[in-house]
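*Asks:* How does the following fold in three dimensions:
(one chain, ligands or ions: 1)
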Amino acid sequence: MSHGDHHQHSTHQDSAHHHGALGDDESALAELLDLDAEALPDHLPQVTALIQLHADGPIRRIADMGSGTGTGTLALTQRFPDAEVTALDMSATMLEHLSAKAEARGVAERVHTRRTDLDEGWPDLHNLDLVWASNSLHHTADPQRVLRDIHDALRPGGLFALAELTDMPRFLSGELGEVEDRMHTALGDETAAHVPHLGSDWATLITKAGFEIRAEHRFTIAVDPPLSDAAVRLAVATLSRMREGLADRLAPADRTALDALLATDPTALANLAIRDERLVWIARRP
Ligand SMILES: C[S@@+](CC[C@H](N)C(=O)[O-])C[C@H]1O[C@@H](n2cnc3c(N)ncnc32)[C@H](O)[C@@H]1O
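*Replies:* Presented below is the predicted three-dimensional model:
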């Protein structure tokens, strides 16, 4: 792999949401995943409320597939107080981080971790009431196979909830917004080449695996200024990693403009905004 390729894998778009166990990159990825939940505190509670709306029985046994730092795991323990959640991830670092957070939140006894590479098969975990997969399914080598495994791991009537990105969040406006647009275009081209399952026709794949789709929801995220400290940190971390990842593929003028922004004291960046859209499918095993 060339140095350039390494950089392609180091962008936020590629790393925070499309890649996982990338060694040195992992702590940065973990930070971004946590920042996302901290900066957008209403989002996961809204998603878990949607899941609850479609549950046709008690939700007690949950698996979080490709859990990362467990922002979803913890949101699910809050929404379903009788549930135990097993977090599945191939990264030991992510799972350790997740366990520490579960301990700090006082839910350690309801949160289990299992290190597993889902490309090697589904772990011995069955009769589940709910499986949650957030921005992890597109990482797998064969999402259709994983979907069938999830189907079989659920009890009849159990739910599968899938969150998949449509695009990265945006933070800038005016001329800087145009710079940001060009960064998104450049990253989009690279991602298409490196993460082929991203943007798959998930509804079709879910249906093919034997599920009935109960809901398809587009969450619109719009956070206006002044941004919270966490939201500013999310903006800076995201833009820095995009900048780093694109390196010399950014036009010099765009680089200069972005560097000036990133050199600004974060306390002066509360005038940024967050705009994003996130898709969630809720499906039921008949
Ligand atoms: C972008 S992160 C998403 C984390 C979390 N679900 C979230 O939304 O914040 C993707 C996660 O999937 C994990 N992952 C990727 N491929 C995997 C595989 N084949 N088996 C298990 N975990 C995998 C990565 O280690 C990473 O933690």
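
*Asks:* for stretch 56-76, how far is the first residue from the last?
*Replies:* End-to-end distance of stretch 56-76 (Cα to Cα, to the nearest Å): 16 Å.

*Asks:* And stretch 267-279, by the same measure?
*Replies:* Termini of stretch 267-279 sit 31 Å apart (Cα to Cα).

*Asks:* That one near the ligand at all?
*Replies:* No. Counting by Cβ under 6 Å from any ligand atom, no contacts exist between stretch 267-279 and the ligand, the nearest distance being 10.0 Å. Using the backbone N, CA and C atoms, a C-beta is placed for each residue, glycine as well.

*Asks:* Chain neighbours aside, what residue packs nearest to D119?
*Replies:* The spatial neighbour of D119 that comes closest, neighbours along the chain excluded (Cβ to Cβ, 6 or more residues apart in numbering), is A141 at 4.8 Å.

*Asks:* Likewise for A30?
*Replies:* T69 is the one closest to A30 (Cβ to Cβ, 6+ apart), at 5.0 Å.

*Asks:* quick one: the strands in the stretch 1-150 of the chain?
*Replies:* Assignment of strands within the stretch 1-150 of the chain using DSSP state E, counting those that start in this stretch yields the ranges 61-65, 84-89, 111-115, 128-134.

*Asks:* Who are the packing partners of the last one?
*Replies:* With contacts defined as 3 or more Cβ pairs under 8 Å, 6 or more residues apart in numbering; DSSP states H and E, strand 128-134 has these neighbours: strand 61-65, helix 71-79, helix 143-153, strand 154-165.

*Asks:* Just the mean pLDDT for that strand, thanks.
*Replies:* On average, the pLDDT along strand 128-134 is 98.

*Asks:* now could you export just the CA positions of it as CSV?
*Replies:* Only the C-alpha atoms of strand 128-134 are listed here, as CSV (Å, rounded to 0.1, in the frame of the first residue of the first chain):
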residue,chain,number,x,y,z
LEU,A,128,-32.4,-12.2,20.2
ASP,A,129,-35.2,-9.6,20.5
LEU,A,130,-33.2,-6.9,18.7
VAL,A,131,-30.0,-6.5,16.6
TRP,A,132,-28.7,-3.0,16.1
ALA,A,133,-26.1,-2.2,13.4
SER,A,134,-24.9,1.3,13.0
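
*Asks:* can you tell me if that strand touches the ligand.
*Replies:* Yes. Judged by Cβ under 6 Å from any ligand atom, strand 128-134 and the ligand are in contact via S134.

*Asks:* quick revisit: can I get the strands of the stretch 1-150 of the chain in TSV including mean neighbour count and distance to K101?
*Replies:* Output for the strands of the stretch 1-150 of the chain, formatted as TSV (neighbours: other Cβ atoms under 10 Å; distance: least, Cβ to Cβ, whole Å):
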stretch	mean neighbour count	distance to K101
strand 61-65	26	13
strand 84-89	24	10
strand 111-115	18	9
strand 128-134	25	16
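
*Asks:* can the ones you listed go into CSV with extra columns for distance to R145?
*Replies:* As requested, these are exported to CSV (distance: least, Cβ to Cβ, whole Å):
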stretch, distance to R145
strand 61-65, 13
strand 84-89, 15
strand 111-115, 19
strand 128-134, 14
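
*Asks:* before we move on, the earlier item: comparing the helices and strands packed on strand 128-134, which comes out most buried?
*Replies:* Compared across these, strand 61-65 shows the largest average neighbour count, a mean of 26 (mean count of other Cβ atoms under 10 Å).

*Asks:* residues in contact with it?
*Replies:* Residues outside strand 61-65 that contact it (Cβ atoms under 8 Å, 6 or more residues apart in numbering): 70, 72-73, 76, 80, 83-88, 118, 125, 127-134, 136-137, 146, 150, 153.

*Asks:* Tell me how far it lies from the chain's centre.
*Replies:* Here strand 61-65 shows a centroid-to-chain-centroid distance of 15 Å under the convention Cα atoms, centre = their mean, to the nearest Å.

*Asks:* For it, which strands pair with it and how are they oriented?
*Replies:* Pairing partners of strand 61-65, with direction, according to DSSP bridges: strand 84-89 (parallel), strand 128-134 (parallel).

*Asks:* Let me know the angle separating the single longest helix found in the chain from strand 154-165.
*Replies:* With secondary structure taken from DSSP state H, the chain has its longest helix at helix 174-194. Calculated by axes from the mean of the first three to the mean of the last three Cα atoms, to 10 degrees, helix 174-194 forms an angle of 130 degrees with strand 154-165.
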